[in-house]
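**Q** I would like to see how this sequence folds:
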Amino acid sequence: MTEPAITVRAFFEKARGGQLTAIRCGSCGGLSMPPRELCPNCHAHSWQPVALAGDGAIASFTVIRVAPRAHAADVPYAVAVVRLKEGVSILGRIVDMPLEKLAVGLPVRFRPLIAKDLTRMQIWVSVNEADIGSVHADQPVSFTVDARPGVVFHGTVTKVRFDATMTQNVVTYPVEVLALNPEGLLYPYMTANVQFELDKRTDVLRVPNAALRYAPPTTDQVAPDVRPQLDALAQRGAAKDPASGAKETKSKSDQGLLWVQDGAFLRPMTVRVGMSDGALSEVQGADLKDGLAVVVSEDWQSPAPSGAAPSPFVPQTQTRTR
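**A** Okay, here's the model as predicted:
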């Protein structure tokens, strides 16, 4: 008996490292999965190992609902025969996919259940088709996991895959992210909440988005010399709403309005609005400085009653504080 091109042990060692390996007949070129002594096509016994990409489609599958004791905690789970793009088939367990969505022909990709090197973790992120245009290779990523509250991890996009899936008319694309895990805080199959870094600013002034949306409810609160300009100021402040997805022309979209305390009144301050993360926005302006107090809302409080507690059905006088 000749020595096999790749032993069963070597095959599974490579698979645990993320690499599937087949064997190709040196006589007819037929591809098979090890171990094999003779080629099923020409009966030759000249084999060469071949690395497989690991992409394929489900040829058939079975949902296991009653499992051996060692796997009883995992039920239900699915085992499938996967036809790889190179033409050979493998048997494996389907993960990260709801059982009710499994179907013959569904594209899948091989990956080991237990990673060999836990210091380098691969994250698969489903990105909506409306956002996939902003994702690219080498893009910085930050993410959190529920098991490590308060800890922010960082990674890099390594690949944007085009084997999209559709669920309830929503198309998503898988994105591969590589994250270093030198301290071992990340485990396989943790759920990650991922944010992609689209752009970056440093040493800028920021304000809450609520401050850009605020407008005094009455003209009595506005400084008297500004009141004749309120209509024009209102239009200027409405030109930029960081929370909206509307696309404006550049001359209008970067204008914003902040309100600051000026004695007993409020005075507007025109600013240029830059990037926003949904909660805070970058602002620029001649009169802006770090620590400047801006109005974000009004807090209405009832005065403390003297004597007996008033009836809850009697209207109370309101006072306003900022």
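**Q** Let me know how buried residue 227 is, in neighbour terms.
**A** Counted with other Cβ atoms under 10 Å, the neighbours of residue 227 add up to 13. In short, each C-beta sits where N, CA and C put it, glycine included.
**Q** wait, is it part of a helix?
**A** Yes - assessed with DSSP: H, G, I helix; E, B strand; the rest coil, residue 227 lies in a helix.
**Q** ok, now how distant is it from residue 198?
**A** Note on residue 227: its distance to residue 198, by Cβ to Cβ, to the nearest Å, is 40 Å.
**Q** Quick check: which ranges of this structure have low pLDDT?
**A** Counting by pLDDT under 70, the ranges of the chain that qualify are 1-5, 69-73, 113-116, 231-253, 299-322.
**Q** Give me the most central residue, it.
**A** Note on the chain: the residue nearest the mean C-alpha position is residue 194, at 3.3 Å, using Cα atoms, centre = their mean.
**Q** for that one, helix, strand, or coil?
**A** Going by three-state DSSP: residue 194 is strand.
**Q** wait, what's in contact with it?
**A** 123, 125, 141-143, 177 (Cβ atoms under 8 Å, 6 or more residues apart in numbering).
**Q** do that again at 7 Å, thanks
**A** When contacts are counted by Cβ atoms under 7 Å, 6 or more residues apart in numbering, residue 194 touches 123, 125, 141, 143, 177.
**Q** Which elements pack onto the strand or helix carrying the fourth one?
**A** Taking DSSP states H and E as the definition, residue 143 sits inside strand 140-145. The contact analysis (3 or more Cβ pairs under 7 Å, 6 or more residues apart in numbering; DSSP states H and E) places strand 140-145 against strand 153-160, strand 192-196.
**Q** Run me through the strand neighbours of it, direction for each.
**A** strand 153-160 (antiparallel), strand 192-196 (antiparallel) (DSSP bridges).
**Q** closest one to residue 168 among those strands?
**A** The closest of the strands paired with strand 140-145 to residue 168 is strand 192-196. By Cβ to Cβ, the value is 21.2 Å.
**Q** Just the buried residues of that closest one, please?
**A** Neighbour-count burial for strand 192-196 flags 192, 194, 196 (criterion: 16 or more other Cβ atoms under 10 Å).
**Q** Dump the helices and strands packed on strand 140-145 into a markdown table; add distance to residue 93 as well.
**A** A markdown table is the format used below for the helices and strands packed on strand 140-145 (distance: least, Cβ to Cβ, whole Å):
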| stretch | distance to residue 93 |
| --- | --- |
| strand 153-160 | 23 |
| strand 192-196 | 21 |
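**Q** that older thread, of the contacts of residue 194, just say which sits nearest to residue 159.
**A** For those, the nearest to residue 159 is residue 177 (9.0 Å; Cβ to Cβ).
**Q** hang on, isn't that closest one packed against residue 159?
**A** No - using Cβ atoms under 7 Å, residue 177 makes no contact with residue 159, being 9.0 Å away.
**Q** more crowded one of those two?
**A** Set side by side, residue 177 and residue 159 show more neighbours around residue 177, with 23 against 12, by other Cβ under 10 Å.
**Q** ok, now which ones touch that one?
**A** By Cβ under 7 Å, 6+ apart, the neighbours of residue 177 are 123, 125, 141, 155-158, 194.
**Q** buried subset of the residues you listed?
**A** 123, 125, 141, 155, 157, 194.
**Q** Return the member of those residues nearest to residue 214.
**A** residue 194 (32.0 Å).
**Q** domains of the chain?
**A** Following automatic domain parsing, the chain resolves into domains at 1-52, 55-110, 120-196, 205-301.
**Q** Distance-wise, check residue 160 relative to residue 127.
**A** Look at residue 160 and residue 127: by Cβ to Cβ, they are 8 Å apart.
**Q** hey, what's in contact with both of those two?
**A** With Cβ under 7 Å, 6+ apart as the test, residue 160 and residue 127 both reach 135, 173, 175.
**Q** Considering the residues you listed, which is situated nearest to residue 185?
**A** Distances from residue 185 to the shared contacts of residue 160 and residue 127, taken as Cβ to Cβ, are shortest for residue 175 (21.7 Å).
**Q** So what sits opposite that closest one in the bridge?
**A** residue 125, residue 160.
**Q** residues in contact with it?
**A** Per Cβ under 7 Å, 6+ apart, neighbours of residue 175: 125, 127, 135, 157, 160-161.
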